[in-house]
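Colleague: Generate coordinates for the sequence data below:
(chains A and B)
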Amino acid sequence: MADRPRTLVEKIWDDHVVASEPGAPAILAIDLHLVHEVTSPQAFTGLRARGVKVRRPERTVATADHSIPTTDPSVPFTDELAIKQLAQIEENCREFGIPFHGKGSPLRGIVHVIGPELGLTQPGMTIVCGDSHTATHGAFGALAFGIGTSEIEMVLATQTLLQRKPRTFKVEVTGRLQPGVGAKDIILALIAKIGVGGGTGHVFEYTGEAIRALSMEARMTLCNMSIEGGARAGLVAPDETTFEYIKGRPHAPQGAAWDEAVARWHKLPSDRGATYDREVVIDGSALEPMVTYGNNPGMGIPVTGRVPSAAEVDRAVTGDVDRALAYMGLTAGQPIAGQKLDVVFIGSCTNGRIEDLRAAASIMRGKKVAEGLRVLVVPGSQQVKRQAEEEGLHEVFRAAGAEWRESGCSMCIAMNGDQLEPGQYGISTSNRNFEGRQGKGGRSFLASPLTAAASALTGVITDPRTVADVAVAAAAEAR
Amino acid sequence: MPEPFSKTTSRVISIPRANIDTDQICPARFLKITDKAGLADALFFDWRFTPDGKRREPPSFIDEPQNQGRELLLVGDNFGSGSSREHAPWALRAWGVRAIFSTSFADIFKGNALKNALLPIVVSPERHTALTALLASDPDGEWTVDLQAQKVTLPDGSAFDFEIDPFARSMILAGTDEIGYVLSKLPAIEAWEASHPARVDTREGVPAR
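Modeller: Next up is the predicted model:
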């Protein structure tokens, strides 16, 4: 039994099963619980009603990201509900002894950006958060997934969850990516291929030459959108790239503990001969920059492509194209490049890290954004913001005519006043193009930071390879 | 604590759309609440109202007069995709929905629904097609969902069985709380923690507030 080849996911699973009774889901131990202001208040209310404490506050960390404003902190914030929600998480954390990185903290940021940058996210861990993009942390070879508020209360009370073992889905991306193509394009291409429900009931494991070559931040972008393909989690096996990223971060193991941890992490990758419930192979060398045209993240095409008609897609995979084109105001057959835009949003837990901002800046340096276009650049955390400012990226964006903001989820979820107006077209480096997601009646196109930045210069959807030497840009991104 | 639930009989609302995401079920701007109040009004809000706040004409699905008080939904594939917000099942339950029929449900939504005694009933594509046709020909027929028997009975008396997680089923039937169940296993949790050192301490290196 012990010799049976196991996948990365099975190894983490086996290591965290506390108890498993016949007929009941396993009780799975949770190593790290990330908390934010939007999905947690009712869970704390539940704890109080039970008279239960937080079992492991030292395995819990909280921040404020979703409803917090990204405007200048000196400007008064007037959203009464958001103010109350932000006050509530601070109070809840104080009462229950949970470390909290709130307004004014230099460590505040989007929950999935700060976990990795603080070194809290480590290989082999189980990590949960009341947010579906918790899959981001899978980039480190952690089993990380989003949970609901009842489950938040469960983790707060017990530091465990009741879980059924997920099925596994191997996503192999072969070859080398072309210049101008990155992790965002891989994940949009995967979801376009399998559909937004394609990974339901499964956990992705991303493998292959193209994945190995990705930086940690690119792997986070990739894993982040696993949920858009229906998978609660998506993992990349840890390797030297992973260890290099973690080493020296505030919560990284040190000294002898570091060596012990690396030895442990080396045993995590899936064994030779391990089997998966499903597999798909994507030729990474054939990918182009991707952009979505519709109202689910699976409605994606190469930026060189044309908007499909309903007859040209498999409805069971892609969804209702007629409805999407009606909402989006697009015509089947039109080239997606050249589509007019009103807003560009660069940020989010998908693409709000320093490499993303470097990539966007490499395109926008010395240039101006198109006239009449609103361009928001929102760093993923206050640490990312400071790093960008040390590198002068904020000056690049401001000189180009873009807005440079405080960190937060911002226009990805449009809870804090950063939003599309009805009918507006926005290209966004975020993760969801659902109807109204970025503002009532707003119409979203999802793309990479390179594509969004290129489009910012022209005011229309633009292939980044046509406005810049993307090989140079890619080098800047990876520096 | 949840109320026990075992059976309901109701007419059915058809929403023939696939990939209904949780941003449609409960738009994000309704997530600023710190309790569960008012969510019935948020349900499918942007389908029901124009961006400037006018009720759409004709009224959308749950606003149609004949659909008031109905507890069952028949929806397209992959219901509940997207965000993990439990506000989605809270809104559905607050409006009065007890069970949803689809060919599949997104994983996080399904788990959240079961924790709120909202039944996600998975049917085959063939059965879904037949149920859609039945609803078209008999839009006011009453269906009975019996969780105890794991059976759905249609207006003509015919019936079919459905699968549901057996643990969740027993919890809903008894009105038992999962957290209470796990807290009863505390010795096992303590034993696991004793043999598995903590990987991180989030309190280290955090500036004092």
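
Colleague: who's in contact with A:Lys11?
Modeller: The contact partners of A:Lys11, by CB atoms under 8 Å, 6 or more residues apart in numbering or on different chains, come to A:Gly124, A:Lys267, A:Leu268, A:Ser270. Where you see a C-beta, it was placed from the backbone N, CA and C, and this is true even at glycine.

Colleague: Would you confirm that it belongs to a helix?
Modeller: Yes. The assignment for A:Lys11 is a helix, going by DSSP: H, G, I helix; E, B strand; the rest coil.

Colleague: Tell me how far it lies from A:Leu162.
Modeller: In this view, A:Lys11 and A:Leu162 are 21 Å apart by CB to CB, to the nearest Å.

Colleague: for B:Asp21, same thing?
Modeller: Relative to A:Leu162, B:Asp21 is positioned 25 Å away (CB to CB).

Colleague: the more surrounded of these two?
Modeller: More crowded of B:Asp21 and A:Leu162, by other CB atoms under 10 Å in any protein chain shown: B:Asp21, with 24 against 21.

Colleague: which residues does the more buried one contact?
Modeller: B:Asp21 sits next to A:Asn296, A:Arg432, A:Phe434, B:Gly80, B:Ser81, B:Gly82, B:Ser83 when contact means CB under 8 Å, 6+ apart.

Colleague: which non-adjacent residue is nearest it?
Modeller: Nearest residue to B:Asp21, sequence neighbours excluded (CB to CB, 6 or more residues apart in numbering or on different chains): B:Gly82, at 3.7 Å.

Colleague: can you check A:Gly130 too?
Modeller: A:Thr39 (3.3 Å).

Colleague: wait, the one you found sits on B:Arg85?
Modeller: Yes. When contacts are counted by CB atoms under 8 Å, A:Thr39 is listed as touching B:Arg85 (6.4 Å).

Colleague: Compare those two and say which is more crowded by neighbours.
Modeller: In terms of neighbours (other CB under 10 Å), B:Arg85 is the more surrounded of A:Thr39 and B:Arg85; the figures are 29 against 25.

Colleague: what's the burial count for B:Arg48?
Modeller: Counted with other CB under 10 Å, residues neighbouring B:Arg48 total 17.

Colleague: Could you check the pLDDT of it?
Modeller: On the pLDDT scale, B:Arg48 is placed at 97.

Colleague: what sits against the residue nearest to it when sequence neighbours are not counted?
Modeller: Using CB to CB, 6+ apart and skipping residues adjacent in sequence, the residue nearest B:Arg48 is B:Ser60, 4.8 Å away. Shown in contact with B:Ser60 (CB under 8 Å, 6+ apart): B:Phe44, B:Trp47, B:Arg48.

Colleague: give me the number of residues near the first one?
Modeller: The one in question is B:Phe44. So B:Phe44, with other CB under 10 Å, has 20 neighbours.

Colleague: which residues touch the spatially closest residue to it that is not a sequence neighbour?
Modeller: With CB to CB, 6+ apart as the criterion, B:Phe44 has its nearest non-adjacent residue at 5.9 Å, and that residue is B:Ile62. By CB under 8 Å, 6+ apart, B:Ile62 lies in contact with B:Ile13, B:Leu43, B:Phe44, B:Arg48, B:Trp95.

Colleague: can you check A:Lys267 too?
Modeller: Contacts of A:Lys267 by CB under 8 Å, 6+ apart are A:Lys11.

Colleague: if we go to 6 Å?
Modeller: By CB atoms under 6 Å, 6 or more residues apart in numbering or on different chains, A:Lys267 lies in contact with nothing.

Colleague: Distance check, it against B:Arg48.
Modeller: From A:Lys267 across to B:Arg48, the span is 53 Å (CB to CB).

Colleague: A:Asn224 now?
Modeller: 31 Å.

Colleague: Kindly report the same for A:Arg167.
Modeller: 37 Å.

Colleague: is any part of the lengthiest helix in chain B close to chain A?
Modeller: Criterion DSSP state H: the longest helix present in chain B is helix B:125-137. No. Using CB under 6 Å from any CB of the partner chain, helix B:125-137 stays clear of chain A, coming no nearer than 8.8 Å.

Colleague: So what's the gap between that helix and the chain middle?
Modeller: With CA atoms, centre = their mean, to the nearest Å as the basis, helix B:125-137 stands 21 Å off its chain's centre.

Colleague: Can you give the contact residues for it?
Modeller: Residues outside helix B:125-137 that contact it (CB under 6 Å, 6+ apart) are B:Val12, B:Ser14, B:Leu74, B:Thr103.

Colleague: thinking again about what came up before, tell me which of the contacts of B:Ser60 fall in helices.
Modeller: B:Trp47, B:Arg48.

Colleague: which one among the contacts of B:Ser60 gets closest to chain A?
Modeller: B:Trp47 (8.5 Å; CB to the nearest CB).

Colleague: how close does the residue lying closest to that closest one once chain neighbours are set aside get to B:Arg17?
Modeller: Excluding its sequence neighbours, the residue lying closest to B:Trp47 (CB to CB, 6+ apart) is B:Ser60, at 4.4 Å. Separation of B:Ser60 from B:Arg17 (CB to CB) stands at 11 Å.

Colleague: Show the subsequent helix or strand relative to the helix or strand hosting A:Leu47.
Modeller: If you go by DSSP states H and E, A:Leu47 is part of helix A:41-50. The helix or strand immediately downstream of helix A:41-50 is strand A:60-63, counting by DSSP H and E.

Colleague: Just give the strands next to whichever strand or helix holds B:Ile13 in its sheet, each with its orientation.
Modeller: Following DSSP H and E, one finds B:Ile13 within strand B:12-15. When pairing is defined by DSSP bridges, strand B:12-15 lines up against strand B:72-75 (parallel).

Colleague: Now do the next helix-or-strand element following the partner strand: everything it contacts.
Modeller: Per DSSP H and E, the first helix or strand lying C-terminal to strand B:72-75 is helix B:87-95. Helix B:87-95 is contacted from outside by B:22, B:25-26, B:31, B:36, B:39-40, B:42-43, B:112-113, B:116, B:118, using CB under 6 Å, 6+ apart.

Colleague: hmm, 7 Å instead?
Modeller: B:22, B:25-26, B:30-31, B:36, B:39-40, B:42-43, B:62, B:80, B:109, B:112-113, B:116, B:118 (CB atoms under 7 Å, 6 or more residues apart in numbering or on different chains).

Colleague: ditto for stretch A:184-194
Modeller: Here stretch A:184-194 has contacts from A:171, A:173, A:210, A:221-222, A:225, A:228-229, A:280, A:282, A:284, A:287, A:289-290, A:292, A:297-298, A:300, A:351, A:446-448, using CB under 7 Å, 6+ apart.

Colleague: Just those residues: which are in helices?
Modeller: A:Ala210, A:Thr221, A:Leu222, A:Asn351.

Colleague: could you give the mean pLDDT of stretch A:363-378?
Modeller: pLDDT averaged over stretch A:363-378 gives 98.
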